[in-house]
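Peer 1: Sequence and predicted structure, then a few things I'm wondering about:
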Amino acid sequence: MRRQIMRIGWWLIASGFCGNQQDLFMEALVITEIGHAEIRDIQAPICDPNSVILSVQNVGLCGSDLNTYSGMNPLVELPRIPGHEIGGTIQARGDNVPAEMAVGKSAIVIPYTTCGRCSSCLAGRQNACRFNRTLGVQQDGGMSGLLKVHHDRLILNDTLAPLHLSLVEPLSVGFHAVVRGRVAPGETVVVFGGGMIGVGAMLGALARDAKVVMVEISEMKRQTLLNLGATAVINPEETDLAAEIAKHTGEQGAQVIIEAVGLPQTFRSAVDLASFAGRVVYVGYAKEEVSYNTSLFNLKELDIMGSRNATRSDFEEVISFLEAHPTLGDMLISRVFPWSEADQSFDYWQQNRSETFKVIIDVAGK
């Protein structure tokens, strides 16, 4: 009976119905306990006047999702539906939703909430909202057939390939770090970490005509990073990192360091390798306390900044970048899992981390 109700429910929603759907069900991928995920039937979302119902097409797995699966994400309570890198199609809309957000339009989800009242929001930096609740972290995410989203959390896009919609959010986080670092043409930027956030920082810096040196221990990622535009890829486990950075910066150090790893040693190296009057941007989260030689803060007169999430303008910049480089997205997609195998994706990523950029779940596929 439940399956029959779900089929009827899909037809109503696909027809633009936005009424009471309390008796409709859908499938969702749920992390039920540490190290275990399964596909379950859950209640379908109920539309309201200011929201849309999104038919989820693709969802990218983020490091935060993998940390949730591994029991290393302190912000998450289980069970949790993961997923905040979301692309989909509008299937229903409330009465107050702008007319351009029509049924059938493709959209990218901005997965963060904003309160509008905290000091960050009042300063125009809603991406760092004190009370933010990110999809898939503090609230259930998009790894399900349908998702209710407030209309102001959507960016319409009918030009990117469907799989590339779910690349926009992670790349935007890296682009935002570049904005925080005030990267300028001709500068040398060193990025710690060749994951998707680090790749976003690299591409954002390249878009500003900077030179980028990547620090990444995976030899399997080296050639892709070079093909994407890195001047060099340095493995700190195999060479003298400080000597290599000096060589690429004329002995000056890098004007901007972007840390996207989250280890105490990379936090310290960022300060050590920055030039005098340089800028350090931390995107990664260190899981333990970090001790510094704080004299370098003063001697170099460093600007040291945190970077959190991304703004709508960061999303729009990434969209424009991907539209201008239509083959780039495919270089970053390491594996696409059909929905029927979604519960296997976390174990795959754990076993293949050194060669994986992005794992995507094809929610709409079988």
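Peer 2: Nice, thanks for sending it over. Numbers count the residues shown, from 1 in each chain.
Peer 1: Run a quick neighbour tally on residue 325.
Peer 2: When neighbours are counted by other C-beta atoms under 10 Å, residue 325 registers 14. In short, each C-beta sits where N, CA and C put it, glycine included.
Peer 1: same deal with residue 350?
Peer 2: When counting by other C-beta under 10 Å, one arrives at 13 neighbours for residue 350.
Peer 1: again, but for residue 359
Peer 2: Burial measure for residue 359: 21 neighbouring residues, criterion other C-beta under 10 Å.
Peer 1: If it is in a bridge, with which residues?
Peer 2: Counting by DSSP bridges, residue 359 forms beta bridges with residue 335.
Peer 1: ok, it - contacts?
Peer 2: For residue 359, the contacting residues are 60-61, 334-337, 345, 348-349, by C-beta atoms under 8 Å, 6 or more residues apart in numbering.
Peer 1: could you redo the last one with a cut-off of 6 Å?
Peer 2: In this structure, residue 359 makes contact with 61, 335, 345, 349, judged by C-beta atoms under 6 Å, 6 or more residues apart in numbering.
Peer 1: I'd like the distance between it and residue 166.
Peer 2: Taking C-beta to C-beta, to the nearest Å as the measure, residue 359 falls 10 Å from residue 166.
Peer 1: And the helices in the stretch 251-366 of the chain, which stretches?
Peer 2: Remark: helices assigned in the stretch 251-366 of the chain by DSSP state H, counting those that start in this stretch are 264-273, 295-299, 312-324, 328-332, 345-351.
Peer 1: quick one: contacts of the fourth one?
Peer 2: Defining contact as C-beta under 6 Å, 6+ apart, one finds that helix 328-332 is touched by 164, 167, 322, 357-358.
Peer 1: Tabulate the CA atom coordinates of that helix in CSV.
Peer 2: The C-alpha coordinates for helix 328-332 follow below in CSV (Å, rounded to 0.1, in the frame of the first residue of the first chain):
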residue,chain,number,x,y,z
LEU,A,328,36.2,20.8,-16.2
GLY,A,329,33.4,19.2,-14.1
ASP,A,330,33.9,15.7,-15.5
MET,A,331,37.6,15.9,-14.5
LEU,A,332,36.4,16.2,-10.9
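Peer 1: Name the residues of that helix that are buried.
Peer 2: Buried residues in helix 328-332, counted by 16 or more other C-beta atoms under 10 Å: 328-329, 332.
Peer 1: Stretch 357-366 too?
Peer 2: Of the residues in stretch 357-366, 357-364 count as buried by neighbour count, 16+ other C-beta under 10 Å.
Peer 1: Look up how far residue 90 lies from the residue nearest to residue 321 when sequence neighbours are not counted.
Peer 2: Leaving aside its sequence neighbours, residue 321 sits nearest to residue 207 (C-beta to C-beta, 6 or more residues apart in numbering; 5.9 Å). As for residue 207, its distance to residue 90 is 29 Å (criterion: C-beta to C-beta).
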